[in-house]
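Novice: just coords:
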């Protein structure tokens, strides 16, 4: 398959994975988190099922703490793809008013995202969920399968993973069990950006540098996106030219100082970058083996 | 042959000119494999500061390099691995230079090596095999090489590592290189490039020659990985397009979504669809980015055909002049991957291409010792064992030998209950004689026969106690069908037990064989277009299931001729029940051998409540309902 360029080869493999998963699932769904990886995954899905529409809905597990620009793009992207958008907010989290400032990042993430995701999958009886995770993101991800099996409690058992060979994915499961499928497993952050540039995929403007109101917490640049952030005495948001490498809940995602205001500039900047993208994810630093632990509990 | 100094800096410049190389790194920690991979990541600036900081902290805490960076910790991603100091699983690593993107499958050297190495090698274009210059070619080197050759990797880089500890001796390098080359040639590895290395010190890793090896004339390891041309044999083979699904977004469009697994395809190409054998011409290559003039090996596209032929998931659209063989029995090499050993004859699920079907593996012809390639006798295959077996599938599938096309000749074995992937295999050749018969779309096929006959074909299977009235109903049914112009044949004890099955007695094994032969004969007659009436006591559910499985869905009509034991015993036309009661007949159904009544027969006739003609009418009605009898034939 040497005749294909590397982005072509990655694209062909992802389309293969998407088609294979849909053929083997009863109620597939695509986890859509509005970030750049979701944008690429959605684009690949539109390609995979062209001239038809992707035969599954998009699911956004909302925390009510995403950036406003993310909500705007979410609704437009689903509409343009002609796909149903299912939004799930954990009713318990809504009722208790869970938020990162009042309850801490760990509880916030667990209740809104991990529990919320499990609720949504159970509620709609989805048996296969596409996710935009990549193996280059994190050490425990590097060992995850493309078709990743979850038991009826949505748990991942890293020691009992099915061997995965050639392009032969085992999608067999019993009722109640489910699969997480990662079409971008073999992509890197740079691939994702190069593909966004090549395919002119729309992403949230927060990925590009602009003057934004910023406060510094524990050395991290937090952009104040609405009036829910309690400011300390004398703490005043300052306008700085920043952008994001990764997007999550706004109080939990640190920005970086940057002048890169276009896809090309972002790619150029990334090539000189000496830290990984998940550096900006506060929840990853909670404890050692953090991601592996969260994944075992059902986090994406 | 020196790659750019800061490789990643240019990675974005020409992304479309960049290619992707997947390789597997084989060797143990002792050979310096983790150091090698870590250095490649570090020197191509893939390893970033925060990851490096974590690595430095981990190295101080649990490292084995005396506080120095312990690159092994980079690849041990799971907590359990770090705690136990072992690598459990295949990890995939990524790095890039200006010319290429690399995906490295990093597999542990010791524990579970076969399962993990086979997994990592299955998608690799090339293998890097490490040897310690002080040790040379070891048993482990040969074992890794055997697996690499088995999985069809044609390009090997022999990394002669730790040459610094052997005084950077050219003689040492040359001796190891020569020994390995001779060995590689014997096991069918075509291309070997040896590189003298010290991964720890960086000699010949990124740039060559290192000042320490002025005698070396070849490329650095990275330069070679950047430039080596790896074209799989499938790329230049005849077209193989695997259909994953059918796209029908509107009534006008019918396209086949899939992937080119061999050769290339252009509109106007003459193609044959396997296994059906229908021929057509490629009309369009449809993609989101517009129609293509050509799709090459590896691309995922959607094809439309010029003719409205029947194509479904799992089919292969192939070059009409060179289609793959279609078979249901193969000689295969099987790698067992589950704690529970392979059970010969057990029904497993087998996934091949986009088809998942039932299948079974016979006891191995032999097991292969991966250290020596010796053939060992074996009754089964345990975890990590490799053997050659006969694979039989429930249906025929198109395939190519693995050596010609990896994706057309590979399969996985799935346990029916646990759904675990328990094995993986490589197809070598078909064992049934049909291997080179490309199923022509039969000019005289079942549809043609049905059209000529004016009716479909089926088996009417009458089961019930001795004396229940099976033969009476069978005879009347055949008369009625004959009068309706239906081609029929009646199989019963008289024409079977005295001829075809006269060598069989009444033991359990003989009874199964009796029914199997009857089902085979009935199946052939159904293929020939007949309505076959079978009248046998056939007391066991499993035997009747055996017969049903031989016949296509919708063409097997089970009729339970249900007469209470008291009634048949009173009738006792041949005096058999009386004999059995006196103990003169053993294993007599209903007396000292059970009758397992059908749970859901197509027709249930209570002969003590229903007269003969009504019973026959109900069977005819059922045949009509299943579409076996045409409109013209039921009216007469």
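Specialist: Looks like it came in fine. Keep in mind that this is a model prediction, so the values were computed, not measured.

Novice: Need phi/psi at the nearest residue to residue B:352 once chain neighbours are set aside.
Specialist: Once flanking residues are discounted, residue B:352 sits nearest to residue B:411: 4.1 Å by Cβ to Cβ, 6 or more residues apart in numbering or on different chains. Just so you know, the C-beta spots here come from the backbone N, C-alpha and C atoms, and that holds for glycine as well. Here is the backbone geometry of residue B:411 (degrees, to the nearest 10): phi -150, psi 160.

Novice: Run a quick neighbour tally on residue B:411.
Specialist: 29 (other Cβ atoms under 10 Å in any protein chain shown).

Novice: Does residue B:176 touch residue B:131 like I think?
Specialist: Yes - using Cβ atoms under 8 Å, residue B:176 makes contact with residue B:131 at a distance of 6.3 Å.

Novice: So which of these two has more stuff around it?
Specialist: The neighbour comparison of residue B:176 against residue B:131 (other Cβ under 10 Å) goes to residue B:131, with 27 against 23.

Novice: For the residue nearest to the spatial centre of chain A, which residues are in contact?
Specialist: Using Cα atoms, centre = their mean, the residue of chain A that lies closest to the mean C-alpha position is residue A:33, 4.9 Å off. For residue A:33, the contact set (Cβ atoms under 8 Å, 6 or more residues apart in numbering or on different chains) comprises A:60, A:61, A:132, A:247, A:248.

Novice: One more: residue A:54?
Specialist: Neighbours of residue A:54 in contact, by Cβ under 8 Å, 6+ apart: A:18, A:22, A:30, A:42, A:45, A:46, A:48, A:81, A:83.

Novice: so which of these also contact chain B?
Specialist: Restricting those to those near chain B by Cβ under 8 Å from any Cβ of the partner chain leaves A:22, A:46, A:48.

Novice: Reformat these as JSON lines; add neighbour count.
Specialist: Formatted as JSON lines, those follow (neighbours: other Cβ atoms under 10 Å in any protein chain shown):
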{"residue": "A:22", "neighbour count": "22"}
{"residue": "A:46", "neighbour count": "18"}
{"residue": "A:48", "neighbour count": "28"}
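
Novice: Report the strands that pair with the longest strand belonging to chain B, each with its relative direction.
Specialist: Ranked by residue count and defined by DSSP state E, the top strand of chain B is strand B:386-399. Strand pairing for strand B:386-399, determined by DSSP bridges: strand B:325-336 (antiparallel), strand B:355-361 (antiparallel), strand B:366-368 (antiparallel).

Novice: I'd like to know which of those strands is closest to residue B:462.
Specialist: strand B:355-361 (27.8 Å; Cβ to Cβ).

Novice: residues of the closest one that come out buried?
Specialist: For strand B:355-361, the neighbour count (16 or more other Cβ atoms under 10 Å in any protein chain shown) marks B:355, B:356, B:357, B:359, B:360, B:361 as buried.

Novice: of those residues, closest to chain A?
Specialist: Within these, proximity to chain A (Cβ to the nearest Cβ) peaks at residue B:356, which comes in at 7.8 Å.

Novice: burial of the residue of the stretch 101-250 of chain A found nearest chain B, as a residue count?
Specialist: As assessed by Cβ to the nearest Cβ, chain B sits closest to residue A:139 within the stretch 101-250 of chain A, at 3.2 Å. Look at residue A:139: counted by other Cβ under 10 Å, it has 22 neighbours.

Novice: tell me the SS of it?
Specialist: State at residue A:139, reduced to three classes by DSSP: H, G, I helix; E, B strand; the rest coil: coil.

Novice: quick one: residue A:139 from residue B:55, how far?
Specialist: According to Cβ to Cβ, to the nearest Å, residue A:139 and residue B:55 sit 10 Å apart.

Novice: mind listing what the residue in the stretch 251-400 of chain B that chain A sits nearest to touches?
Specialist: Closest to chain A within the stretch 251-400 of chain B is residue B:298: 3.3 Å, counting by Cβ to the nearest Cβ. Listed by Cβ under 8 Å, 6+ apart, the contact partners of residue B:298 are A:1, A:3, A:4, A:8, A:9, A:12, B:235, B:259, B:260.

Novice: can you do 7 Å?
Specialist: By Cβ atoms under 7 Å, 6 or more residues apart in numbering or on different chains, the contact list for residue B:298 reads A:1, A:4, A:9, A:12, B:260.
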